[in-house]
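Asker: Provide a 3D model corresponding to the input given below.
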Amino acid sequence: MNKSIFISNLMNLRPYSWADLLFIGLVAKVSVEKSFSFDIKDIAMLIGLLSLWYFYNLLLEWYKAREYRARPNLIIAFSFLALGIILGLIYSPLTLIFSISSVFFVLLYLLKNKVTIFGISSPIVRGIIQSQYYLYALLFYSKNISNADITLSVLIFLMSASRALIGDLRDIVPDSKTNKNTFPVIFGVQAAIVLIVILFLASIIIFISAFQNYLAGFPLILMIIAVMAYKNGYVLHQLMIIATTFVSVNLIALLLGDSLILFNLIFLGIFTNLIFYPLLSRKSNPIFSSQNLSAKTKD
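Answerer: The predicted structure follows:
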């Protein structure tokens, strides 16, 4: 396999999203064990999570069959699914429920460009998939699911749904040209922004009511400002990927009784860099401020 083919296949696995997914698994671990020490169970859980994630992405890329990306082999995709299921079953038979349910919602997600209702609701389906992964990871450590676990799964659902909706905002121009049935295409940019802000606010309210902590949702507060004021969906989606990771880091710190100040300062530094650096007048900088969403804000 030459280098370009290897890179193309690697990108089908979305390497930029691995850390975010693994932190969700670590949230599940810490919520039960209240410890960050590692053993063989943690390695199995993380491999199982990544395997389910690889299956989802490979099946998605196979289904879309983009000309500019390598088309995955379905045997490899289902091999990852089998690995995730087997690793889960070793530690809890109940993991099979969430392995299979995640596959069901993945199949629904594939229909987003074929059926209007699935296109509009695809961010919701994406959020459900991510929450299924969290509950799958949780059952490596717990024999049952508590109210606190359900609260965390709802938080993960809300953040993942808002992240997917921001992704649809990023793609609104090409999606409009090909008549795809996404929420921003059907209802417009402003309606999508309002919905994203509502999802963020719901997450922040849960943080405050469930954990009595304002700092845990700080990355989402900054994201509200960014979504309302910034016009480039590409940058917003990058920020949201990082924001969801830092919210998971905040959750882990919160569950361990550690301070959240340092992590939020780090995110603030990343946030301001990604927002303001491209806007600085420099010959080598692209003009981000007028791209992407600006052409659609009057919808």
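Asker: what ranges do the helices span in the chain?
Answerer: Chain-ordered helices for the chain, with DSSP state H as the definition, fall at 3-11, 18-33, 40-64, 74-91, 95-109, 116-120, 122-138, 147-170, 172-177, 183-187, 189-211, 218-229, 233-256, 261-276.
Asker: tilt between the longest one and helix 74-91?
Answerer: Angle between the axes of helix 40-64 and helix 74-91 is 150 degrees (criterion: axes from the mean of the first three to the mean of the last three CA atoms, to 10 degrees).
Asker: number the residues from 39 up from this point.
Answerer: Noted, 39 is the first residue going forward, which turns the last one into helix 78-102.
Asker: which positions in helix 78-102 come out as buried?
Answerer: Of the residues in helix 78-102, those with enough neighbours to count as buried (16 or more other CB atoms under 10 Å) are 80, 82-84, 86-101. The way it works is simple: take the backbone N, C-alpha and C, and place the C-beta from them, glycine included.
Asker: could you do the last one as well?
Answerer: When neighbours are counted by 16+ other CB under 10 Å, the buried residues of helix 299-314 are found to be 301, 302, 305, 308, 309, 312, 313.
Asker: burial of residue 138, as a residue count?
Answerer: Other residues near residue 138 number 12, with proximity taken as other CB atoms under 10 Å.
Asker: ranked by average pLDDT, which of the helices of the chain falls at the bottom?
Answerer: Mean pLDDT is lowest for helix 41-49 out of those, coming in at a mean of 74.
Asker: got the contact list for residue 292?
Answerer: Counting by CB atoms under 8 Å, 6 or more residues apart in numbering, residue 292 touches 249, 251, 254, 298.
Asker: what's near enough to touch the first one?
Answerer: The neighbours of residue 249, taking CB under 8 Å, 6+ apart as the test, are residue 292.
Asker: that one and residue 278: what is the separation?
Answerer: Distance of residue 249 to residue 278, given as CB to CB, to the nearest Å: 21 Å.
Asker: could you do the last one as well?
Answerer: The spacing between residue 298 and residue 278, counted by CB to CB, is 19 Å.
Asker: one more: the second one?
Answerer: To residue 278, residue 251 is 21 Å away according to CB to CB.
Asker: ditto for residue 229
Answerer: When distance is defined by CB to CB, residue 229 is 18 Å away from residue 278.
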